[in-house]
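**Student:** Next come a sequence and a model predicted from it.
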Amino acid sequence: MDLTSGALWGAFGAIVVANILLSGDNAVVIAMAARSLPRKQQWKAIFWGSAAAIVMRIVLTIAAVTLLQLPYLKIIGGALLLWIGVQLLLDSDEGGEVKQHGTMFAAVRTILVADLVMSIDNVIAVAAYRVPLLIIGLALSIPLIIAGSTVLMKIMDRFPIIITLGAALLGFLAGEMFVTDPFSAEWFKANMPEADYIFGGACAVLVVVVGTWLQRRGRAQSSPT
């Protein structure tokens, strides 16, 4: 590995940028998942969720070339992301109060599933580079994810609307995945060039509407008659 090579540093820069961009999405999911835990467990969930997600992303990147050729993979991933967005929205009521009935295992599981789904689109960009560069780039993103999710969690406590925006973001990402799956990508590219924005926006609205409706129905059922 020639440390003076421009191509080497260019590849490393691409990996770091890709992981910084993905870290923003991860920080939203981690913050939303950790909010449902008692305060003493929140930092542990953030740390272990971030670390496990990074390890999983390394494995996924190594297998990316094969995985991304499979039809329906992104469609299934998009459906999972819709479900995660709704579930994370349900963890708070209208006033932003947290339902602290979750477990750290459940929070970490949610973080891992969401990271797995969101990584599908990103890993192909770095899959061709050498594994040592990949590992270094991913390791650098760990403090970004931890710091970002910690700050976001505090902001969510103060401004509950951020929770709704985070759920909408997951819906938007899910919509983009539906139209970029190998099964449907060519058709959408030829017949509906703006499909990623259309489906992304529609799925963002869907997550918020369904999540809000389920919130209200749950409160109506639990309120005394």
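**Tutor:** That came through, no problem. Numbers count the residues shown, from 1 in each chain.
**Student:** Make sure P193 is indeed in a helix.
**Tutor:** No. Assessed with DSSP: H, G, I helix; E, B strand; the rest coil, P193 is coil; it does not lie in a helix.
**Student:** Next one: it from M156, what distance?
**Tutor:** Distance of P193 to M156, given as Cβ to Cβ, to the nearest Å: 35 Å. All C-beta spots, glycine's among them, are computed from the backbone N, C-alpha and C.
**Student:** and these two? which has more neighbours close in?
**Tutor:** Set side by side, P193 and M156 show more neighbours around M156, with 23 against 10, by other Cβ atoms under 10 Å.
**Student:** Just give the nearest non-adjacent residue to that one, would you?
**Tutor:** Excluding the flanking residues, the one nearest M156 by Cβ to Cβ, 6 or more residues apart in numbering is I162, at 4.8 Å.
**Student:** And the helices in this protein?
**Tutor:** For the chain, the helices defined by DSSP state H cover 6-34, 39-62, 64-67, 73-90, 104-123, 131-158, 161-180, 185-191, 195-222.
**Student:** how about TSV for those helices, with mean pLDDT added?
**Tutor:** Listed next are the helices of the chain as TSV, based on pLDDT from 0 to 100:
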stretch	mean pLDDT
helix 6-34	64
helix 39-62	78
helix 64-67	62
helix 73-90	83
helix 104-123	69
helix 131-158	73
helix 161-180	86
helix 185-191	89
helix 195-222	88
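**Student:** separation between the residue lying closest to T212 once chain neighbours are set aside and F172?
**Tutor:** Counting by Cβ to Cβ, 6+ apart, T212 lies nearest to L89, which is 7.3 Å off, once chain neighbours are set aside. For L89, the distance to F172 equals 14 Å [Cβ to Cβ].
**Student:** With A202 instead?
**Tutor:** Distance from A202 to F172, by Cβ to Cβ: 9 Å.
**Student:** Comparing those two, which residue is more hemmed in?
**Tutor:** Taking other Cβ under 10 Å, A202 and F172 do not tie; F172 has more neighbours (22 against 14).
**Student:** count of neighbours near V59?
**Tutor:** 11.
**Student:** A202 contacts A174, doesn't it?
**Tutor:** No. Using Cβ atoms under 8 Å, A202 is not in contact with A174, being 10.0 Å away.
**Student:** Just give the closest residue to V29, not the sequence neighbours.
**Tutor:** Ranked by Cβ to Cβ, 6+ apart and with sequence neighbours excluded, the top spatial neighbour of V29 is A114, at 4.3 Å.
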